[in-house]
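Asker: next input, structure requested:
(2 chains)
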Amino acid sequence: MENNRQNGKVGQQQPLTLFEKIWNAHVVTEVPDGPTQLYIDRMYCHEVTSPQAFAGLRTRGLKVFRPAQITCMPDHNIPTLDQDKPIRDEISRNQVDTLDRNAKEYGVNYYPMGHPKNGIIHVVGPENGLSLPGMTMVCGDSHTSTHGAVGAVAFGIGTSEVEMVLATQCIFQSKPKTMRISVNGRLGKGVTAKDMALYIISKMTTGGATGYFVEYAGSAVRALSMEGRLTLCNLSIEMGARGGMVAPDETTFAYLKGREYAPKGDAWEKALAYWQTLPTDEGAVFDKEIVFDAADIEPMVTYGTNPGMGMGIDGHIPALESVDVAGRISYQKSLDYMGFQPGEQLVGKKIDYVFLGSCTNGRIEDFRLFANYVKGKRKADHVVAWLVPGSWAVDRQIREEGLDKILLDAGFELRQPGCSACLAMNDDKVPAGKYAVSTSNRNFEGRQGPGARTILAGPLVAAAAAIAGKITDPRTNI
Amino acid sequence: MEKLNILQSTCIPLPLENVDTDQIIPARFLKATSKEGFGDNLFRDWRYDKQGNPNPDFVLNNPIYKGQILVAGKNFGSGSSREHAAWAIAGYGFRVVVSSFFADIFKNNAMNNGVLPVVVSDDFLAEVFAAVKQNPAMTLTVNLEKQTITNDLTGREETFAINSYKKECFLNGFDDIDYLLSKKGKIEEYEQSRIRF
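Answerer: Okay, the predicted model is just below:
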């Protein structure tokens, strides 16, 4: 065990960050003036970014090196209705069938469409205890940063790198710089983890953490539930960060204990003792430290076409003059796409669609918040609402808690799990020019369908918009 | 991977910032199971209108701009990790992308597909945009061996960073995976002592 803690020579007790401890324990070799060969404990694969990797393996005549450490499931293309029937879109079906064939041929863990454990990878991993503290985890998906919430190093990779991990369980990575973002104090009433994340990204900008691995800390982060931490870490990539993580603590351990793939009995005790050594040491130095006050965070909405273009729900869209000269063409293009003017407020704007779901906000807590808000109210007639649980496990829990009935009484129906309208690879597309209040992670042009206009928000703002039919501050109603 | 050392080429300017991978290749075009053909849908929603006709205002449809070098605004390639974005850029015929800042995952993906990301100063970038607007036939020269990029119109030269391992890969056309496969022994040795749960 000690062999892999390349923390310096024995006797040198240099304080280390959570990130450094995990990274150091996974270094296989270092290429001189080059990247690190990093060992990967677990890789997740979905149908969109893996077919070319398996094809590459086949061309080279290689096997999967460690199939037990690979878990695959389709999530991006799958429909959210009629999952018991074949997928209608032929090319979507081909991609899902390709994963099916690859998973079986190469003997990796596999949860096909309709399987009780199927869902969005970044929801399924933690909820089954597949994602554990101290691990390195990758997936051909930028939102892999989600899994960092359990106190792990998890990040998105490209398909060439997926092939490398399939073949060798390793990838090459340049060691990122470290950043600690502390949010101190208490979040106000009606302010969620999503609002915290959108607030941080609006301050950092969409490329502000590029090159860094972020540790979230501070009392407001500590106070978040596991679901909240997963939401927060999920959005790390939206400010360019390689990944995000939260030190494991009692909240983490309580969440993981008893989950299917979490260690049991003596192994649990042993793992726990190790996990408790992971938090950043007193005196460890980060390349960058940022501090925010939780009291400054309001329910957030975005007004532009990248997640950094966010503001408090009562805010005004910034003037063109407030933007760097080099960025003004992009800024104006963004507002034109959204149909918004500088100086405008979004409160009171009529909206057309509401999407609750995705790897950002498709967990049980998000559905509880949404259901709690809409209880006893009615969905606005003109709003199309898509409520998509992040996994079948979330769906089962929604029903066990009776949330489905509350939602139904308020005019909402649940759909079947998948990535859905977050990136609209299935049929869940927002029509051109329509406004969608979406709990997902990206408001890029065309993300939710060609011409679709996305306003990112948390589950409470989404609930308030679905009821009022317009952008509404949820705090006035809770 | 195709080798790359010295490239002198005209360039295609895209002076927008934060160009995300959803714009480089929209999600609905990610359903293929091979790496071919993505160049046809590079910048799809900017390049074509709803009916699929070329949008004359978009730079790729302007016949006066051509070349193997794409020059883009700050924070190019943000967002999704989709390697399809790199396949689309390589598939269209670009060998080099120049910007003042690249998103991490895109940068790795580009390098794994023989597309060299060259980071230049904001000032150098602004000068290239101005120069190419005035004279679309102007060329840039990228010299990987020397790690320099030259604006051939003004003669201004900058050096760019690349780690020596990746540089060797480009100069010789090597893939990471070949190197990793040669380290199997080291990996198995590591596994003997790794922390398991």
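
Asker: which parts of chain B are strands?
Answerer: Assigned by DSSP state E, the strands in chain B fall at B:6-14, B:69-72, B:96-99, B:116-119, B:139-143, B:148-151, B:157-159.

Asker: pLDDT wise, what is the residue of the stretch 1-150 of chain A found nearest chain B at?
Answerer: Per CB to the nearest CB, A:G34 is where the stretch 1-150 of chain A lies closest to chain B, at 2.8 Å. Heads up, the C-betas are built off the backbone N, CA and C, glycines and all. On the pLDDT scale, A:G34 is placed at 86.

Asker: quick check: the residue of chain B nearest chain A.
Answerer: Closest point on chain B to chain A, by CB to the nearest CB, is B:Y165, at 2.8 Å.

Asker: what helix or strand is the spatially closest residue to that residue that is not a sequence neighbour located in?
Answerer: Nearest non-adjacent residue to B:Y165, counting by CB to CB, 6 or more residues apart in numbering or on different chains: A:G34, 2.8 Å away. Using DSSP states H and E, A:G34 is not contained in any helix or strand.

Asker: hang on, the residue of chain B closest to chain A packs against A:E30?
Answerer: No. B:Y165 lies out of contact with A:E30 (CB atoms under 8 Å); the separation is 10.2 Å.

Asker: near chain B, which residues of the stretch 51-200 of chain A are found?
Answerer: Those residues of the stretch 51-200 of chain A that sit near chain B, judged by CB under 8 Å from any CB of the partner chain, are A:51-52, A:55-56, A:60, A:62, A:65, A:76-77, A:91-92, A:94-95, A:98, A:132, A:134-135, A:140-142, A:144, A:156-161, A:163-164, A:167-172, A:174, A:176.

Asker: and these, which are buried?
Answerer: Among these, those classed as buried by 16 or more other CB atoms under 10 Å in any protein chain shown are A:51-52, A:55-56, A:62, A:65, A:76-77, A:92, A:94-95, A:98, A:132, A:134-135, A:140-142, A:144, A:156-161, A:163-164, A:167-172, A:174, A:176.

Asker: if you count neighbours, what's buried in the longest helix anywhere in chain A?
Answerer: Taking DSSP state H as the criterion, chain A has its longest helix at helix A:90-106. Neighbour counts over helix A:90-106 (16+ other CB under 10 Å) mark A:92-100, A:102-103, A:106 as buried.

Asker: tell me which two of these sit farthest apart.
Answerer: The largest separation in the buried residues of helix A:90-106, counting by CB to CB, is between A:S92 and A:Y106 at 21.7 Å.

Asker: so how far is B:K186 from the residue nearest to B:Y165?
Answerer: Using CB to CB, to the nearest Å, we find A:G34 at a distance of 15 Å from B:K186.

Asker: sorry, back to before: any chance of the strands of chain B in JSON lines, plus mean pLDDT?
Answerer: Supplementary listing: the strands of chain B in JSON lines, determined by pLDDT from 0 to 100:
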{"stretch": "strand B:6-14", "mean pLDDT": "98"}
{"stretch": "strand B:69-72", "mean pLDDT": "98"}
{"stretch": "strand B:96-99", "mean pLDDT": "98"}
{"stretch": "strand B:116-119", "mean pLDDT": "98"}
{"stretch": "strand B:139-143", "mean pLDDT": "98"}
{"stretch": "strand B:148-151", "mean pLDDT": "98"}
{"stretch": "strand B:157-159", "mean pLDDT": "98"}
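
Asker: quick one, phi psi at A:N128?
Answerer: Main-chain dihedrals, A:N128, degrees, to the nearest 10: phi -100, psi 0.

Asker: one step back: moving C-terminal of the longest helix of chain A, what's the next helix or strand?
Answerer: Following helix A:90-106 in sequence, per DSSP H and E, is strand A:109-110.

Asker: and that following strand, which strands flank it?
Answerer: According to DSSP bridges, strand A:109-110 has the following sheet partners: strand A:70-72 (parallel).

Asker: so what's the residue nearest to A:V246 when sequence neighbours are not counted up against?
Answerer: Among residues not flanking A:V246 along the chain, A:R229 sits closest, at 4.7 Å (CB to CB, 6+ apart). Contacts for A:R229 (CB atoms under 8 Å, 6 or more residues apart in numbering or on different chains) come out as A:149, A:193, A:216, A:221, A:246, A:251.

Asker: low pLDDT regions in chain A?
Answerer: Applying pLDDT under 70 to chain A flags the ranges A:1-12.

Asker: spatially central residue for it, please.
Answerer: In chain A, the C-alpha nearest the mean C-alpha coordinate belongs to A:N234, at 2.8 Å (CA atoms, centre = their mean).

Asker: list the buried residues in the helix or strand harbouring that one.
Answerer: Taking DSSP H and E as the definition, one finds A:N234 inside helix A:226-234. For helix A:226-234, a neighbour-count test (16+ other CB under 10 Å) marks A:226-234 as buried.

Asker: now the helix or strand just after it, how far from the centre of its chain.
Answerer: The helix or strand immediately downstream of helix A:226-234 is strand A:243-246, counting by DSSP H and E. Strand A:243-246 sits 11 Å away from the centroid of its parent chain (CA atoms, centre = their mean, to the nearest Å).

Asker: cool, and stretch A:184-198?
Answerer: Using CA atoms, centre = their mean, the offset of stretch A:184-198 from its chain centre is 17 Å.

Asker: ok, now stretch B:67-83?
Answerer: In terms of CA atoms, centre = their mean, the centre of stretch B:67-83 is set 6 Å apart from its chain centre.

Asker: do stretch B:30-48 as well
Answerer: Using CA atoms, centre = their mean, the offset of stretch B:30-48 from its chain centre is 15 Å.

Asker: that one and chain A, any residue contact?
Answerer: Yes. Using CB under 8 Å from any CB, stretch B:30-48 reaches chain A at B:30-35, B:45.

Asker: looks like A:V150 contacts A:L132 (just checking).
Answerer: Yes. Assessed by CB under 8 Å, A:V150 is found in contact with A:L132 at 6.2 Å.

Asker: I figured the residue of the stretch 1-150 of chain A closest to chain B hits B:K167, correct?
Answerer: No. Using CB under 8 Å, A:G34 makes no contact with B:K167, being 9.2 Å away.

Asker: over to A:F292: give its phi and psi.
Answerer: phi -120, psi 160.

Asker: who are the contact partners of it?
Answerer: A:181-184, A:199-200, A:203, A:218.

Asker: ChimeraX command for the buried members of those?
Answerer: Restricted to buried positions by 16+ other CB under 10 Å, the ChimeraX selection for the contacts of A:F292 reads:
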select /A:181,182,183,199,200,218
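
Asker: in strands, which of the contacts of A:F292 fall?
Answerer: Using DSSP E, the subset of these located in strands is A:181-184.

Asker: from the residues you listed, which is closest to chain B?
Answerer: Nearest to chain B among the ones in strands among the contacts of A:F292 is A:I181, at 17.3 Å by CB to the nearest CB.

Asker: so how far is A:A217 from that closest one?
Answerer: A:I181 is 7 Å from A:A217, by CB to CB.

Asker: what do you get for B:D45?
Answerer: 39 Å.

Asker: show me where pLDDT drops low in chain B?
Answerer: Flagging of chain B using pLDDT under 70 yields the residue ranges B:197.

Asker: before we move on, back to that, which residues are in contact with each of A:V150 and A:L132?
Answerer: Common neighbours of A:V150 and A:L132, counting by CB under 8 Å, 6+ apart, are A:L256.

Asker: export the lengthiest helix in chain B as CSV, just CAs?
Answerer: Secondary structure assigned by DSSP H gives helix B:122-134 as the longest helix of chain B. The C-alpha trace of helix B:122-134 is given here as CSV (Å, rounded to 0.1, in the frame of the first residue of the first chain):
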residue,chain,number,x,y,z
ASP,B,122,-3.8,37.7,-27.4
ASP,B,123,-1.8,40.3,-29.3
PHE,B,124,-0.4,37.9,-31.9
LEU,B,125,-3.9,36.5,-32.4
ALA,B,126,-5.5,40.0,-32.8
GLU,B,127,-2.8,40.8,-35.4
VAL,B,128,-3.4,37.6,-37.4
PHE,B,129,-7.2,38.4,-37.4
ALA,B,130,-6.5,41.9,-38.7
ALA,B,131,-3.9,40.7,-41.3
VAL,B,132,-6.0,37.9,-42.7
LYS,B,133,-9.0,40.3,-43.0
GLN,B,134,-6.9,42.7,-45.1
